[in-house]
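Visitor: Structure for the following, please:
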Amino acid sequence: MTMQSQVIPHSVLHEIVLAEPRGFCAGVDRAIEIVERALLKFGAPIYVRHEIVHNTFVVEELKQKGAIFIEELSDVPPGATLVFSAHGVSKAIEHEAIARGFQIFDATCPLVTKVHVEIAKLAKEGFEFIMIGHKGHPEVEGTMGQLDVGIIHLVEEVDDVARVAPRQTEKLAVVTQTTLSMDDALEISTAIKARFPGIREPKQQDICYATQNRQDAVKILSSQVDLLIVVGSPTSSNSNRLREVAQKRGTSSYMVDSAAELQPHWFDGVQSVGLTAGASAPEVLVQEVMQRIKAMGVVAVRKMDGIVETIKFPLPMGLKLQPAQANMTPLGQAPEPVAEIPVDLHAGFHQNK
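Guide: Model (predicted):
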């Protein structure tokens, strides 16, 4: 079907405002590049444990290139190349993969790895942990799976805090899923500190820079528009949080996996539309959504002022390509020059006074 035949007639809509920053973060860029480089270097198939990132377009594109996404390591043949997703895996999964003799490349976001390093260090000192996160999310499963059962206690909302039953409270620390709403995490963290005043917190918050930057942008943008569209897949935690941030500020907000999901009635009486994307959503989808909305009669498109992200995480060893292989186009987004910034994986905790 052509774009012209899909046009939604609208006489009020005037402006699209693009959020800045939006879309891919450094951890997502790195994870996708690991899979693409593995495919180029070793050939298809490459096996990936769980979706490399939570985006339908990205997963389907990588499937077409030869990636096979699995949940059980028993589905991977002996001697195959295996990539761990950006969300991280438990120690049990890691040890099983090693025991099965796979060639392993770890695409875990370095900011998630930082959390794993922190809790492993404190666990050796006898600490237990309260983790703020969503049950069943692969990042939460991977982080809780770094230690024995019963050492990390999960809380999803404020009411859960009263039910936490650590074996001791002398050595207790809090960690957070990196893709949560900052406001929700702060509310739960406040309740935790009220019940456990001496609990340790990270020196640097666990919610990642990209999650924070995108939520901050939405907080500003939501006051400037009548409607916010978030590009992201339903399974994407950080994309869902962007929608919630706008809604909590009284701005109508919807999340779409593609331009085809836009609904005409969303735009009734709307003059200005904000457009953003979760950290796992490629820019190509943002542009398709923007063109779809422009076809309604929009006369202006502008980009809000915002933080320019320059972080780039290093790749694991063993993925260097030959010159003929190295000229690849990044999936879903044109490459931009960035400055490489090291990540401190050994940042510790400070004690509440």
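
Visitor: contacts and neighbour counts: CA atoms only from here.
Guide: OK.

Visitor: Helices of the stretch 201-350 of the chain, residue ranges please.
Guide: 209-221, 237-248, 283-294 (DSSP state H, counting those that start in this stretch).

Visitor: contacting residues for the closest residue to Ala246 other than its chain neighbours?
Guide: Taking Cα to Cα, 6 or more residues apart in numbering as the measure, Ala246 lies nearest to Ser222, with 5.7 Å between them; neighbours along the chain are not counted. Residues in contact with Ser222 (Cα atoms under 8 Å, 6 or more residues apart in numbering) are Leu228, Ala246, Arg249, Thr251, Gly274.

Visitor: ok, longest helix in this structure?
Guide: Using DSSP state H to define each element, the chain has its longest helix at helix 26-42.

Visitor: any low-confidence regions in this protein?
Guide: Segments of the chain classed as low confidence (criterion: pLDDT under 70) are 1-11, 324-329, 332-353.

Visitor: do that again at 90, thanks
Guide: Counting by pLDDT under 90, the chain contains low-confidence ranges at 1-14, 181-182, 202-207, 264, 296-297, 299, 320-353.

Visitor: residue boundaries of the strands in it?
Guide: All strands of the chain, identified by DSSP state E, fall at 15-18, 46-49, 67-70, 81-84, 103-106, 128-132, 152-155, 172-176, 200-202, 227-231, 252-256, 272-277, 300-303, 349-351.

Visitor: any chance of those strands in CSV, plus mean neighbour count and distance to Cys25?
Guide: Listed next are the strands of the chain as CSV, based on neighbours: other Cα atoms under 10 Å; distance: least, Cα to Cα, whole Å:
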stretch, mean neighbour count, distance to Cys25
strand 15-18, 22, 16
strand 46-49, 24, 20
strand 67-70, 20, 21
strand 81-84, 24, 18
strand 103-106, 18, 17
strand 128-132, 23, 22
strand 152-155, 22, 26
strand 172-176, 24, 19
strand 200-202, 19, 22
strand 227-231, 28, 14
strand 252-256, 21, 18
strand 272-277, 27, 11
strand 300-303, 13, 18
strand 349-351, 15, 25
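
Visitor: Can you redo these as TSV, where the extra columns are distance to Pro138?
Guide: Rendered in TSV, the data for the strands of the chain read as follows (distance: least, Cα to Cα, whole Å):
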stretch	distance to Pro138
strand 15-18	30
strand 46-49	11
strand 67-70	13
strand 81-84	11
strand 103-106	14
strand 128-132	14
strand 152-155	13
strand 172-176	13
strand 200-202	21
strand 227-231	21
strand 252-256	21
strand 272-277	21
strand 300-303	33
strand 349-351	24
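
Visitor: closest to Lys312 out of the ones you listed?
Guide: strand 103-106 (16.1 Å; Cα to Cα).

Visitor: List the neighbouring strands of that closest one plus their orientation.
Guide: Each strand paired with strand 103-106, and its direction, by DSSP bridges: strand 81-84 (parallel).

Visitor: Excluding its own residues, what touches the partner strand? List them.
Guide: For strand 81-84, contacts defined as Cα under 8 Å, 6+ apart pick out 34-35, 46-50, 52, 76, 102-108.

Visitor: biggest separation within those residues, which pair?
Guide: Between any two of the contacts of strand 81-84, the greatest separation by Cα to Cα is 19.0 Å, found for Val76 and Thr108.

Visitor: ok, back up a step: only the buried residues of the longest helix of the chain, if you could.
Guide: Burial within helix 26-42, assessed by neighbour count using 16 or more other Cα atoms under 10 Å, is assigned to 26-41.

Visitor: Would you mind getting the angle between it and helix 209-221?
Guide: Using axes from the mean of the first three to the mean of the last three Cα atoms, to 10 degrees, the inter-axis angle of helix 26-42 relative to helix 209-221 is 130 degrees.

Visitor: What is helix 26-42 packed up against?
Guide: For helix 26-42, the contact count by 3 or more Cα pairs under 8 Å, 6 or more residues apart in numbering; DSSP states H and E identifies strand 46-49, helix 56-65 as packing neighbours.

Visitor: and the first one, which strands flank it?
Guide: In the sheet containing strand 46-49, the strands it pairs with under DSSP bridges are strand 67-70 (parallel), strand 81-84 (parallel).

Visitor: Just the C-alphas of the last one, formatted as PDB.
Guide: Below are the C-alpha coordinates for strand 81-84, written out as PDB (Å, rounded to 0.1, in the frame of the first residue of the first chain):
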ATOM      1  CA  THR A  81      29.200 -19.300  18.200                       C
ATOM      2  CA  LEU A  82      26.900 -17.900  20.900                       C
ATOM      3  CA  VAL A  83      26.200 -14.300  21.800                       C
ATOM      4  CA  PHE A  84      24.700 -13.300  25.100                       C
END
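
Visitor: residues touching Ser258, list them.
Guide: When contacts are counted by Cα under 8 Å, 6+ apart, Ser258 touches Val231, Gly232, Leu285, Glu288, Val289.

Visitor: Thanks a lot, see you next time.
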